[in-house]
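[1] next come a sequence and a model predicted from it.
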Amino acid sequence: MGVQMYNTLTKQKETFRPIEEGKVNMYVCGPTVYNYIHIGNARPAVVFDMIRRYLIYRGYDVQYVTNFTDVDDKIINAAQEAGEDVFALAEKFIDKFFEDTSALGVKRADIHPRVTETMDDIIAFIEALIEKGYAYESGGDVYFKTKSFPDYGKLSGQSTDDLQAGARIEVGEQKQDPLDFSLWKRAKEDEVSWDSPWGYGRPGWHIECSAMVKKYLGDTIDIHAGGQDLAFPHHENEVAQSEALTGQQMANYWLHNGYIQIDNEKMSKSLGNFVLVNELIREHDPQVIRFFILQAHYRHPLNFNSELVEASGAGLSRIRNFLENVRHRHRTSADFADGTEWLKKIQTFKGRFIHEMDDDFNSANAITVLFDFVKEGNLYLQEPHTSKEVLQEVMNTFEEWGEVLGLSFFAEEELLSEDIEDYIEQRVKAREHKNFQEADRIRDLLKEKGIVLEDTPQGTRWKRVSSL
Ligand SMILES: Nc1ncnc2c1ncn2[C@@H]1O[C@H](COP(=O)(O)OP(=O)(O)OP(=O)(O)O)[C@@H](O)[C@H]1O
Ligand SMILES: [Zn+2]
């Protein structure tokens, strides 16, 4: 049957058929970079990274693109509040995004386009929409004429009539119809802006993704993904813009992740109920956080609380301990028991893993397969004779699964904050005694464990970097 995925567009699970044999073009809407990311924002980054890895495991050549919205009202406001330059602020949070997500084992995309670097393409896209009669200029703004696109609402399953009922034209907007949405926004005084056929301004949010998808991946792509809250209006508007322009279906499969919740409520900056990734990973091994995210199916809501994270930590340790014992037995035992039966069993487990992952990337069930394996494997280790070949194959299999899930099952336990703080203290003492050799040794030792130190006038700071 191959890979099945739930498609928001058709509201059912479908067998995946790529446009081009063996290839996948995939676009994931990225963050607006005006703040540190919280664990909710990390979920799409982690789950679509897992999906990308799995498609690669299944033999596809995946081209993966995810954008940065690096100019936007939220960024402009944040920069004004902080008294910082808009571009410097965006740059800073792009760096922070990479730091946090790479700690969580997220691989870099093939391309990370930015709005500020795609301006010409965005402007050309809007011009073409106006030319085709799908958009109009009004007082330096440009709007998409929603009702001119008959399929509007097909992705999120709404009709323009229903939408019309709740729609209003806001003060200051010069739209022909309340359902029309912004493609280009005229600059306010002293605001960052770009020159365009409609005067100085900047693009609306939705048009960015349409322009980037077209530029980097083409008129029709295989998979378009993002958080559930993006399905409407963001993705609906992307569909309208792109399909109005090209006359082609924008994406064949639309994937949306569920929310991370706190007490059954969506984690979000506006509600203030968020936990920042960079704070969380000071207290927890980032791999445990990733494991926690992947222990839920990506479309389901996932409640976040410290007990659940701790349970994930215990689960991951169970796997790691098992593999530590396997490694030890492999190194020390000279036994040559017949491994035929177990080698077959390993193949069965591998088949089960694929079966679960093929079913709409059910990493939750796939991880259950790993636990079942560990349970049986632990019994095997109690046998007086084991096969070296089997033990090697066990390690290879977990290595392979680890690559798919982005987890290092063989990694050493990460240092906890208090251990790191101890090391830093020792290093400060060493420097006070002018023992720079010892100070450097501690710095290098921490670096090897993925901790980078930064000396500032206020003291030494540390951060985790990924070993992936
Ligand atoms: N609680 C959550 N659970 C899962 N995904 C989320 C959650 N909150 C935001 N996302 C997703 O994070 C990604 C980054 O979005 P963006 O930078 O626009 O954050 P945001 O929507 O401003 O966050 P917030 O909702 O906190 O304001 C989007 O794909 C969005 O759907
Ligand atoms: Zn988008």
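    On my side now, so go ahead. Ligands and ions are numbered 1, 2, ... in the order given.
[2] which residues of the chain lie near ligand 1?
    Applying C-beta under 6 Å from any ligand atom, we find that the chain lies next to ligand 1 at 29, 31-32, 40-41, 43-44, 226-227, 229-230, 257, 259-260, 266-270. In short, each C-beta sits where N, CA and C put it, glycine included.
[3] how about a cut-off of 8 Å?
    28-33, 37-45, 69, 74, 226-230, 257-261, 266-271, 274, 302 (C-beta under 8 Å from any ligand atom).
[4] put the buried members of these into a PyMOL selection.
    Here is the PyMOL command that selects the buried residues among those (16 or more other C-beta atoms under 10 Å):
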select buried, resi 28+29+30+31+32+33+37+38+39+40+41+42+43+44+45+69+226+227+228+230+257+258+259+260+261+266+267+268+274+302
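[5] in helices only, show me the residues of the chain next to ligand 1.
    Ile39, Gly40, Asn41, Ala42, Arg43, Pro44, Ala45, Lys74 (DSSP state H).
[6] and stretch 180-200, how far from the chain's centre?
    30 Å (C-alpha atoms, centre = their mean, to the nearest Å).
[7] what are the contacting residues of that stretch?
    With contact meaning C-beta atoms under 8 Å, 6 or more residues apart in numbering, stretch 180-200 is reached by 71, 76, 86-87, 119, 123, 126-127, 129, 135, 137, 139-146, 201-204, 206-207, 233, 237, 241.
[8] what about that stretch, how long is it end to end?
    21 Å (C-alpha to C-alpha, to the nearest Å).
[9] ligand 2 contacts on the stretch 101-250 of the chain?
    Cys209 (C-beta under 5 Å from the ion).
[10] what sits against the residue in the stretch 101-250 of the chain that ligand 2 sits nearest to?
    Distances between the stretch 101-250 of the chain and ligand 2 by C-beta to the ion are smallest at Cys209, namely 3.1 Å. Cys209 makes contact with Tyr27, Cys29, Asn67, His234, Glu238 under the criterion C-beta under 8 Å, 6+ apart.
[11] which one among the residues you listed gets closest to ligand 1?
    Proximity to ligand 1 was ranked across the contacts of Cys209 by C-beta to the nearest ligand atom; first place goes to Cys29, at 5.4 Å.
[12] next, the closest one: phi, psi?
    Dihedral angles of Cys29 (phi, psi; degrees, to the nearest 10) stand at phi -70, psi 130.
[13] buried ones among the contacts of stretch 180-200?
    71, 76, 86, 119, 123, 126-127, 129, 135, 137, 141-146, 201-204, 206-207, 233, 237, 241.
[14] which ones among these map onto helices?
    Mapping these onto helices (DSSP H) picks out Ile76, Val86, Met119, Ile123, Ile126, Glu127, Leu129, His206, Ile207, Asn237, Gln241.
[15] now those in a markdown table, with pLDDT?
    A markdown table is the format used below for these (pLDDT from 0 to 100):
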| residue | pLDDT |
| --- | --- |
| Ile76 | 95 |
| Val86 | 96 |
| Met119 | 98 |
| Ile123 | 98 |
| Ile126 | 98 |
| Glu127 | 98 |
| Leu129 | 98 |
| His206 | 98 |
| Ile207 | 98 |
| Asn237 | 98 |
| Gln241 | 98 |
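[16] mind picking the one among those residues that's closest to ligand 1?
    Closest to ligand 1, out of all of those and judged by C-beta to the nearest ligand atom, is His206, at 12.3 Å.
[17] gap between the closest one and Phe398?
    Distance from His206 to Phe398, counting by C-beta to C-beta, to the nearest Å: 42 Å.
[18] among the ones in helices among the buried ones among the contacts of stretch 180-200, which two are most distant?
    Val86 and Leu129 (26.6 Å; C-beta to C-beta).
[19] can you put the ones in helices among the buried ones among the contacts of stretch 180-200 in JSON lines and add distance to His297?
    Shown next, in JSON lines, are those (distance: C-beta to C-beta, whole Å):
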{"residue": "Ile76", "distance to His297": "37"}
{"residue": "Val86", "distance to His297": "38"}
{"residue": "Met119", "distance to His297": "38"}
{"residue": "Ile123", "distance to His297": "40"}
{"residue": "Ile126", "distance to His297": "38"}
{"residue": "Glu127", "distance to His297": "42"}
{"residue": "Leu129", "distance to His297": "38"}
{"residue": "His206", "distance to His297": "28"}
{"residue": "Ile207", "distance to His297": "32"}
{"residue": "Asn237", "distance to His297": "27"}
{"residue": "Gln241", "distance to His297": "31"}
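[20] and which of those is nearest Ile424?
    So of those, ranked by how close each gets to Ile424 (C-beta to C-beta), first place is Val86, at 34.6 Å.
[21] and for the closest one, nearest residue in space, chain neighbours not counted?
    Take Val86 and drop its neighbours on the chain: the residue closest to it by C-beta to C-beta, 6 or more residues apart in numbering is Ala79, 4.4 Å away.
[22] ok, the one you found - contacts?
    Tyr34, Asp85, Val86, Ala88, Leu89.
[23] neighbours of the second one, how many?
    By that I understand Asp85. Using other C-beta atoms under 10 Å, Asp85 is surrounded by 12 other residues.
[24] tell me the pLDDT of it.
    The per-residue pLDDT reported for Asp85 equals 96.
[25] could you do the fourth one as well?
    With respect to pLDDT, Ala88 scores 97.
[26] for ligand 2, see how far away it is.
    In this view, Ala88 and ligand 2 are 24 Å apart by C-beta to the ion, to the nearest Å.
[27] okay, how far is it across stretch 330-345, tip to tip?
    18 Å.
[28] and the residue in the chain that ligand 1 sits nearest to, how far from Asp455?
    Nearest residue of the chain to ligand 1: Gly227, at 1.8 Å (C-beta to the nearest ligand atom). Distance, Gly227 to Asp455, by C-beta to C-beta: 38 Å.
[29] same question, Glu127
    From Glu127 to Asp455 the distance is 51 Å (C-beta to C-beta).
[30] what residues go with each domain of this protein?
    The chain resolves into domains spanning 4-257, 307-405, 418-464 when parsed by automatic domain parsing.
[31] looking at those domains, which is buried most?
    domain 4-257 (a mean of 19; mean count of other C-beta atoms under 10 Å).
[32] ok now it, how far from the chain's centre?
    Distance, centroid of domain 4-257 to centroid of chain: 15 Å (C-alpha atoms, centre = their mean).
[33] when you give positions from now on, start the count at 808
    Fine by me, first position is 808 from now on; the one you just mentioned is domain 811-1064.
[34] pull up the distance across it, start to finish.
    From start residue to end residue, domain 811-1064 stretches across 16 Å - C-alpha to C-alpha.
[35] which SS class is Val869?
    Assigned with DSSP: H, G, I helix; E, B strand; the rest coil, Val869 falls in the strand class.
[36] so for it, what's the pLDDT?
    At Val869, pLDDT is 98.
[37] mean pLDDT for the domains of the chain: which is lowest?
    domain 1225-1271 (a mean of 87).
[38] so what does the spatially closest residue to Met1202 that is not a sequence neighbour have for phi and psi?
    In space, and not counting its chain neighbours, Met1202 is closest to Val1133: 6.1 Å by C-beta to C-beta, 6+ apart. Backbone torsions for Val1133, taken as degrees, to the nearest 10, come to phi -60, psi -50.
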